[in-house]
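> Starting from these lines, generate the structure:
(chains A and B)
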Number of protein chains: 2
Amino acid sequence: MSNQQLDVIGFGNAIVDVLAKCDDAFLEKFAIPKGGMILIDEARASAIYADMAPGVEVSGGSNANAVAAIASLGGRGGFVGKVAGDALGDIFRHDLRSMGVEYETSALNAGPATGRCLVNVTPDAQRSMATFLGAAGLVTDADVDEDQIARGEISFFEGYLFEQPDARGAFVRACDTARRHGKRTALTLSDASVIERQGAVISDFIGDHIDILLANKAEATALFGSPDLAVIAEKARALAPLTAVTRSEHGSLLIPREGETVEVAARAPDGLEDTTGAGDAYAAGLLLGLARDYDLGRAGALGALAASEVISHFGARPAASLKALATDAGLV
Amino acid sequence: MSNQQLDVIGFGNAIVDVLAKCDDAFLEKFAIPKGGMILIDEARASAIYADMAPGVEVSGGSNANAVAAIASLGGRGGFVGKVAGDALGDIFRHDLRSMGVEYETSALNAGPATGRCLVNVTPDAQRSMATFLGAAGLVTDADVDEDQIARGEISFFEGYLFEQPDARGAFVRACDTARRHGKRTALTLSDASVIERQGAVISDFIGDHIDILLANKAEATALFGSPDLAVIAEKARALAPLTAVTRSEHGSLLIPREGETVEVAARAPDGLEDTTGAGDAYAAGLLLGLARDYDLGRAGALGALAASEVISHFGARPAASLKALATDAGLV
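Next up is the predicted model:
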């Protein structure tokens, strides 16, 4: 067993992305909402894949992307997520471990294959995602390692995975474990559709278990029932000790239960290429800063810096050393 | 069984590329020659991969890249190559079939995994390759389909695969089959190291079985024992009915046994990004032109056009429709 202290432990979907080009007719044919994400079963994944253009495979998963960015920032990250014992699972595991992430969740020996997200990119550069969760959805209590959680400053959960019944139970157990050891918990809402489907259940979960809530403007609007930032801030204070609301190029708001809202400026990227992964990278910087007890402004600025790098190139994981960029910016 | 007529049937290594960044020390540690290609066994592949940075996976294989380019040019391509029945094998098969390539070689049910090429890219943009052939090296006579060969104008072989004993036997059988049906055969030498290792064996094979020989300048120099183009042309005429010698930005020479050498100009790319796959794309255009009985100059120009597209972006397979580009250029 490792006895390394960890800044952030991520709990999320272990997914390999398959990226290919398509036209609008392709999305219509398979009823994939443009710019959105749908969950599909293996049969539908096979049918869509058979019709897809040649692809490129790259490790993905929202929370895993965030943990990769934490490692790139020089942080010590852990990951909990389920792959199958197949080639895509090996690739997913390699790509996290090679960045120094502690990732020990056992592979699934029988059952579905490693999860994959079919990412179809239209000529307007929009990415439309159809996800076959496969093994990823099968995280259970048995994958929650109390010793690891006790070594982590923040346990960070992904809203997408909250929708899997077994995984939700594992989340609750992990949250309880973290708090029992005096550690913090964080949740990203992942997508407005998660809130629409889960409604009060997710609010109750946050109120009971989460210290740090991350949401973009659309997710915050869905959760709090209003696009008005003053209303969002008021309701956020009632729900969670700290809420971060990301607003793309308008920066982010950090709303502590006690104290003033802190506005964090967005950081202009060195050429905007692809916004995929921006929220994950922001979460990485913010949570690493909070794990290391930076003040809110500095932690938010670290998030903005990580996001600006990830949107400057194709792909949702950092291409450059975020630690070097953060050092240059005087943030670490 | 299909009864579609095919322009070119490629016989080559079925390989998935794993691309990652590295520094020079990494290459030294694993004794990978910079800019070169070495064959490795599974144990060494695992050791190198464990130490590699996060990667991107994409279907590769020299001959398969050429067949993909033929499909992109609007040609009818077939491919013969061996994958295992695993996730990487599925990806490799999908990526060819989705371009319209006829690819029916059965997957290996027991034995090694699908082959992979570990491509480590140093900061100077050089690509150094370590290839675990796996299933790819196990093409045998049983994979040679006389009916398919009879439907193809040109059967095209990859020098890399020539080094596998079973595959070499299958090559000879396929060449005999093609010629018995009045069809042509082509071979790319792949790499100068193949010639160094194979020596007279490969010369004899060409003399006995090959109608169209493709080589870059380094390979032609190794094969014919001289860098002098006049010597190369003289010896090429003695060895094969037609030899193409590619010379990067200096264009190519088409040397028919009977008649004058034809010089083909290189085509300037729309921004040079990555020369990987240039030779494969050139072969695709040339062979498609020859399959369709274009004159040498036009067939060579089609090769130059395909190569110019492939070197204008990262990746060894076409990113744009080569047919559209060739139509604009008045070549098809």
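> what's near enough to touch the closest residue in space to A:Lys217 that isn't next to it in sequence?
In space, and not counting its chain neighbours, A:Lys217 is closest to A:Arg247: 5.1 Å by C-beta to C-beta, 6 or more residues apart in numbering or on different chains. C-betas here are computed from N, CA, C, even on glycine. Shown in contact with A:Arg247 (C-beta atoms under 8 Å, 6 or more residues apart in numbering or on different chains): A:216-217, A:253, A:266.
> if you set the cut-off to 10 Å instead, what comes out?
Applying C-beta atoms under 10 Å, 6 or more residues apart in numbering or on different chains to A:Arg247 gives the contacts A:216-218, A:220, A:229, A:253, A:263-264, A:266.
> A:Ala268 now?
By C-beta under 10 Å, 6+ apart, the residues touching A:Ala268 are A:249, A:304, A:308, A:311-312.
> rerun that using 6 Å as the cut-off
With contacts defined as C-beta atoms under 6 Å, 6 or more residues apart in numbering or on different chains, A:Ala268 has no neighbours.
> Pop out the phi and psi values for it.
In this entry, A:Ala268 is assigned phi and psi values of phi -70, psi 130 (degrees, to the nearest 10).
> And it, how far from chain B?
25 Å (C-beta to the nearest C-beta, to the nearest Å).
> and if you look at A:Leu253?
32 Å.
> Return the list of strands paired to the helix or strand where that residue lies, each annotated with direction.
A:Leu253 belongs to strand A:252-256 when assigned by DSSP states H and E. Counting by DSSP bridges, the strands paired with strand A:252-256 are strand A:242-246 (antiparallel), strand A:262-264 (antiparallel).
> Tell me which residues of that strand come out buried.
Within strand A:252-256, the residues scored as buried using 16 or more other C-beta atoms under 10 Å in any protein chain shown are A:252-255.
> tell me which element the residue nearest to A:Ala284 when sequence neighbours are not counted falls in.
Spatial nearest neighbour of A:Ala284, excluding adjacent residues (C-beta to C-beta, 6+ apart): A:Ala69 at 3.5 Å. According to DSSP H and E, A:Ala69 maps onto helix A:62-72.
> helix, strand or coil for the nearest residue in space to A:Phe132 that is not next to it in sequence?
Of all residues not flanking A:Phe132 in the chain, A:Ala45 sits nearest, at 3.7 Å (C-beta to C-beta, 6+ apart). Put simply, A:Ala45 is helix when judged by DSSP: H, G, I helix; E, B strand; the rest coil.
> A:Ala45 and chain B, how far apart?
For A:Ala45, the distance to chain B - C-beta to the nearest C-beta - is 12 Å.
> try A:Leu331
23 Å.
> burial measure for that residue, as a count.
Using other C-beta atoms under 10 Å in any protein chain shown, A:Leu331 is surrounded by 22 other residues.
> Same check on A:Gly78?
28.
> Beta-bridge partners for it, please?
Where A:Gly78 sits in a bridge, its partners, by DSSP bridges, are A:Ile9, A:Glu102.
> so it touches A:Leu6, yeah?
Yes - contact criterion C-beta atoms under 6 Å: A:Gly78 and A:Leu6 qualify, at 4.7 Å.
> so A:Leu223 sits in a helix?
Yes - applying three-state DSSP, one finds A:Leu223 inside a helix.
> which parts of chain A sit against chain B?
A:53-54, A:56-58, A:86-88, A:95, A:98 (C-beta under 6 Å from any C-beta of the partner chain).
> so after the lowest-mean-pLDDT helix or strand in chain A, what's the next helix or strand?
When the helices and strands of chain A are scored by mean pLDDT, DSSP states H and E, helix A:159-162 comes last with a mean of 84. Sequence-wise, the next helix or strand downstream of helix A:159-162 (DSSP H and E) is helix A:165-180.
> Can you name every helix or strand that that next one contacts?
Judged by 3 or more C-beta pairs under 6 Å, 6 or more residues apart in numbering or on different chains; DSSP states H and E, helix A:165-180 is in contact with helix A:146-150, strand A:152-158.
> how about a cut-off of 10 Å?
Packing partners of helix A:165-180 (3 or more C-beta pairs under 10 Å, 6 or more residues apart in numbering or on different chains; DSSP states H and E): strand A:6-11, strand A:77-80, helix A:146-150, strand A:152-158, helix A:159-162, strand A:184-188, helix A:200-209.
> Just the C-alphas of the strand holding A:Leu253, formatted as CSV.
C-alpha atoms of strand A:252-256 as CSV (Å, rounded to 0.1, in the frame of the first residue of the first chain):
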residue,chain,number,x,y,z
SER,A,252,-15.7,32.4,-12.7
LEU,A,253,-17.4,33.2,-9.4
LEU,A,254,-16.3,31.6,-6.1
ILE,A,255,-19.1,31.8,-3.6
PRO,A,256,-18.3,30.9,0.0
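> re the thing from before, now restrict the contacts of A:Arg247 to buried residues only.
Buried residues within the contacts of A:Arg247, counting neighbours by 16+ other C-beta under 10 Å: A:216-217, A:220, A:229, A:253, A:264, A:266.
> Tell me how far the residue nearest to A:Lys217 lies from A:Ala266.
8 Å (C-beta to C-beta, to the nearest Å).
> try A:Lys34
From A:Lys34 over to A:Ala266 (counting by C-beta to C-beta), the distance is 25 Å.
> out of the residues of chain A next to chain B, which are buried?
Counted by 16+ other C-beta under 10 Å, these give A:53-54, A:56-58, A:86-88, A:95, A:98 as buried.
> Is the residue nearest to A:Tyr160 when sequence neighbours are not counted in a helix, a strand, or coil?
Of all residues not flanking A:Tyr160 in the chain, A:Ser190 sits nearest, at 4.4 Å (C-beta to C-beta, 6+ apart). State at A:Ser190, reduced to three classes by three-state DSSP: coil.
> Tell me the pLDDT of A:Ser190.
Looking at A:Ser190, its pLDDT is 86.
> now it: how far from A:Val245?
Distance of A:Ser190 to A:Val245, computed by C-beta to C-beta: 14 Å.
> before we move on, what about A:Ala130?
From A:Ala130 to A:Val245 the distance is 28 Å (C-beta to C-beta).
> try A:Gly134
32 Å.
> the more surrounded of those two?
A:Gly134 (27 against 23).
> on that earlier part again, same list, the helices and strands packed on helix A:165-180, but as a markdown table with distance to B:Ser155 please.
Output for these, formatted as a markdown table (distance: least, C-beta to C-beta, whole Å):
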| stretch | distance to B:Ser155 |
| --- | --- |
| strand A:6-11 | 51 |
| strand A:77-80 | 48 |
| helix A:146-150 | 56 |
| strand A:152-158 | 51 |
| helix A:159-162 | 49 |
| strand A:184-188 | 54 |
| helix A:200-209 | 60 |
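> mean pLDDT for these: which is lowest?
helix A:159-162 (a mean of 84).
> Give me the contact list for that one.
Taking C-beta under 10 Å, 6+ apart as the rule, helix A:159-162 contacts A:11-15, A:37, A:39, A:61-63, A:80-82, A:131, A:133, A:136-137, A:139, A:167-168, A:170-171, A:187-195, A:197-198, A:201-202, A:205, A:214-215, A:219.
> Make a PyMOL selection of whichever of those turn out to be buried.
To isolate the buried ones among the contacts of helix A:159-162 in PyMOL, judged by 16+ other C-beta under 10 Å, type:
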select buried, chain A and resi 11+12+13+14+15+37+39+61+62+63+80+81+82+131+133+136+137+139+167+168+170+171+187+188+189+190+191+192+193+194+195+198+202+205+214+215+219
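> Tell me the spacing between the residue in the stretch 201-332 of chain A positioned nearest to chain B and A:Phe157.
Chain B sits closest to A:Arg317 of the stretch 201-332 of chain A, with a gap of 6.7 Å, by C-beta to the nearest C-beta. Between A:Arg317 and A:Phe157 the computed distance is 19 Å (C-beta to C-beta).
> between the two, who's got more neighbours?
More crowded of A:Arg317 and A:Phe157, by other C-beta under 10 Å: A:Phe157, with 28 against 25.
> unless I'm mixing things up, A:Gly169 is touching A:Thr140, no?
Yes - the pair A:Gly169 / A:Thr140 is scored as a contact, 7.4 Å apart, by C-beta atoms under 10 Å.
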